[in-house]
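K.L.:
Sequence and predicted model, in that order:
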Amino acid sequence: MPHRPSRPALARAAILLATLTAALPLRAADEFKVSPAQMQALGIQLQRLDKPSPITGLAYPARVVLPPAQESVLSATLAGSIDRLLVTENESVKPGQPLVRLVSPELGELQLRLTEAASKARLSQKTLARERGLLADGIVPERRVQEAEAAAAEDRARQSHAEAALRLAGADPALIRGVADGGAMQDALLLRARGAGVVTKIDVKPGQRVQAADALLRVADTRKLWLDLQIPVDRQSQVALKGAALTGVERELEARAVGFGPIVSDSQTVTLRAEVTRGAAGLRIGEALQVRVPFAAAEGWAVPVPAVARQDDKAYVFVRTPQGFVATPVTVQAGAGQSLLVAGGLRVGQEIAVTSVIALKAAWLGKGGSN
């Protein structure tokens with residue numbers, strides 16, 4: 001908490017200020033004398049200029065959104081009914097994890113086709129082997145072998161087609177191999193996750209009948225998220241564009257600006273999209289938060305707002321000299337909170353006044369404390 005000067009101290013400061021300004025001409029001079037004792041009495045504090053650097057920028061409202069490529073929809077591969085839901089909403093899933101058990105009469109038909117095709121393909125292979133043996137013994141002509149080869153190739157193709165139909169339906173490779181080898185058939189399909197993510201929505205219930213291609217549930221890969229920030233149109237030119245580093249306000253969050261959207265909303269804002277680069281694990285889709293956006297201005301000197309004095313539509317800072325201070329003109333490039341980004345004839349190592357600037361301005365102008 002800042003120290004509040006006592007009344008005697010204020011009185012002494014007023015006397016010193018009057019002493020400072022009494023000896024100055026009515027016209028402002030760039031440099032004026034202020035002794036260390038007078039600085040202490042006036043409560044003047046200094047800030048050293050280390051190096052030019054950008055200030056943090058302004059905070060804008062943002063909403064967490066999911067890139068379209070990061071969401072997958074699990075659909076019914078066959079017409080049937082939902083036997084069981086094996087996951088719940090907001091549950092994390094792994095690649096290949098079973099999500100839904102689907103019972104479908106069409107599954108039996110597909111398995112039957114594969115059984116018949118595989119059986120015929122095995123018979124064709126045996127026939128081809130026999131014909132080749134007979135040809136080697138000179139019993140049959142070569143044409144018989146060629147016909148057997150063509151039949152075997154056709155039957156293999158039919159088997160491959162039947163296997164592909166089951167694979168597209170969501171059957172496991174183990175189930176396909178078992179049916180092709182003459183094993184037992186199954187009456188239900190286990191539909192599995194294609195990748196890792198979080199179940200964001202379930203569209204069906206157990207016992208519900210579905211048609212092929214009906215959406216069953218949605219899985220979102222939240223390892224990659226976007227932020228949509230609402231920037232007023234009149235501030236768009238002040239905001240840093242592609243590649244700018246954005247930070248969360250009171251959140252462990254970093255993002256990289258991608259670019260502005262082409263549409264202006266009814267509230268006269270434009271959407272700035274940013275890609276989250278750190279802290280995505282702590283975010284939720286649809287969450288609203290505040291994000292700080294850096295300014296597009298070139299690098300300058302970050303100084304407190306009270307350090308800048310204005311006179312005749314110009315801005316000045318008071319740079320410490322061996323004898324006192326010199327009023328140095330600066331250009332205010334941007335402002336955020338209690339900081340301003342200024343550019344001008346400033347150098348590393350200089351010290352500027354950051355308190356009691358009104359008193360210094362009065363002394364500079366020779367107006368005895370006038371603003």
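P.N.:
Received it, and whenever you're ready, just let me know what you need.
K.L.:
can you pull the buried residues of stretch 268-281?
P.N.:
Neighbour-count burial for stretch 268-281, counted by 16 or more other C-beta atoms under 10 Å, picks out 269, 270, 271, 272, 273, 274, 276, 280. Every residue, glycine included, has its C-beta placed from N, CA and C.
K.L.:
what about residue 177, how many neighbours?
P.N.:
By other C-beta atoms under 10 Å, the residues close to residue 177 number 12.
K.L.:
Would you agree it falls within a helix?
P.N.:
Yes: the assignment for residue 177, made by DSSP: H, G, I helix; E, B strand; the rest coil, places it in a helix.
K.L.:
Per-residue pLDDT of it, please?
P.N.:
At residue 177, the pLDDT value in this model is 93.
K.L.:
Likewise for residue 247?
P.N.:
89.
K.L.:
Quick one: classify it as helix, strand or coil.
P.N.:
The three-state label given to residue 247 by three-state DSSP is strand.
K.L.:
bridging residues for it?
P.N.:
Taking DSSP bridges as the rule, residue 247 bridges to residue 254, residue 292.
K.L.:
Now do it against residue 263, distance only.
P.N.:
26 Å (C-beta to C-beta, to the nearest Å).
K.L.:
Residue 150 now?
P.N.:
Residue 150 sits 61 Å away from residue 263, going by C-beta to C-beta.
K.L.:
Please identify which of those two sits among more neighbours.
P.N.:
Neighbours per residue, other C-beta under 10 Å: of residue 150 and residue 263, the larger number sits with residue 150, 12 against 8.
K.L.:
so that one sits in a strand?
P.N.:
No: counting by three-state DSSP, residue 150 falls outside a strand, being helix.
K.L.:
pLDDT wise, what is it at?
P.N.:
The model reports residue 150 with a pLDDT of 95.
K.L.:
Which elements pack onto the longest helix belonging to the chain?
P.N.:
As assigned by DSSP state H, the longest helix anywhere in the chain is helix 105-136. Contact partners of helix 105-136 among helices and strands, from 3 or more C-beta pairs under 8 Å, 6 or more residues apart in numbering; DSSP states H and E: strand 80-85, helix 142-168, helix 173-180.
K.L.:
at 7 Å what do you get?
P.N.:
In terms of contacts (3 or more C-beta pairs under 7 Å, 6 or more residues apart in numbering; DSSP states H and E), helix 105-136 is packed against helix 142-168, helix 173-180.
K.L.:
wait, which of the ones you listed is closest to residue 315?
P.N.:
helix 142-168 (69.7 Å; C-beta to C-beta).
K.L.:
Low-confidence ranges, the stretch 1-150 of the chain, go.
P.N.:
Across the stretch 1-150 of the chain, the ranges flagged by pLDDT under 70 are 1-29, 52-56.
K.L.:
Now residue 306: closest residue in space, sequence neighbours ignored.
P.N.:
Spatial nearest neighbour of residue 306, chain neighbours left out: residue 357 (5.8 Å); criterion: C-beta to C-beta, 6 or more residues apart in numbering.
K.L.:
Contacts only, for the one you found.
P.N.:
The neighbours of residue 357, taking C-beta atoms under 7 Å, 6 or more residues apart in numbering as the test, are 306, 307, 309, 318.
K.L.:
any idea of the mean pLDDT for the helix or strand hosting the last one?
P.N.:
This points to residue 318. Element membership of residue 318, judged by DSSP states H and E, is strand 314-320. Here strand 314-320 scores 95 as its mean pLDDT.
K.L.:
Touching it from outside, list them.
P.N.:
Here strand 314-320 makes contact (C-beta under 7 Å, 6+ apart) with 46, 303, 307-309, 325-332, 342, 350-353, 357, 360.
K.L.:
Can you report how many residues neighbour the closest residue to residue 294 other than its chain neighbours?
P.N.:
Among residues not flanking residue 294 along the chain, residue 57 sits closest, at 4.1 Å (C-beta to C-beta, 6+ apart). Number of residues near residue 57 (other C-beta under 10 Å) recorded here: 26.
K.L.:
Please tell me I have it right and residue 57 contacts residue 296.
P.N.:
No: under the criterion of C-beta atoms under 7 Å, residue 57 is not in contact with residue 296, lying 9.4 Å apart.
K.L.:
hang on, residue 198 is in a strand, isn't it?
P.N.:
Yes: residue state for residue 198 (three-state DSSP) corresponds to a strand.
K.L.:
Just list the residues touching it, thanks.
P.N.:
Residue 198 is in contact with 90, 92, 219, 220, 222, counting by C-beta under 7 Å, 6+ apart.
K.L.:
Now secondary structure, neighbour count and distance to residue 145 too, for these, in CSV please.
P.N.:
Below are those laid out as CSV (DSSP: H, G, I helix; E, B strand; the rest coil; neighbours: other C-beta atoms under 10 Å; distance: C-beta to C-beta, whole Å):
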residue, secondary structure, neighbour count, distance to residue 145
90, coil, 10, 62
92, strand, 12, 57
219, strand, 25, 52
220, strand, 18, 57
222, coil, 21, 60
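K.L.:
Please identify which of these is nearest to residue 76.
P.N.:
Relative to residue 76, the closest of those is residue 219; by C-beta to C-beta it sits at 15.0 Å.
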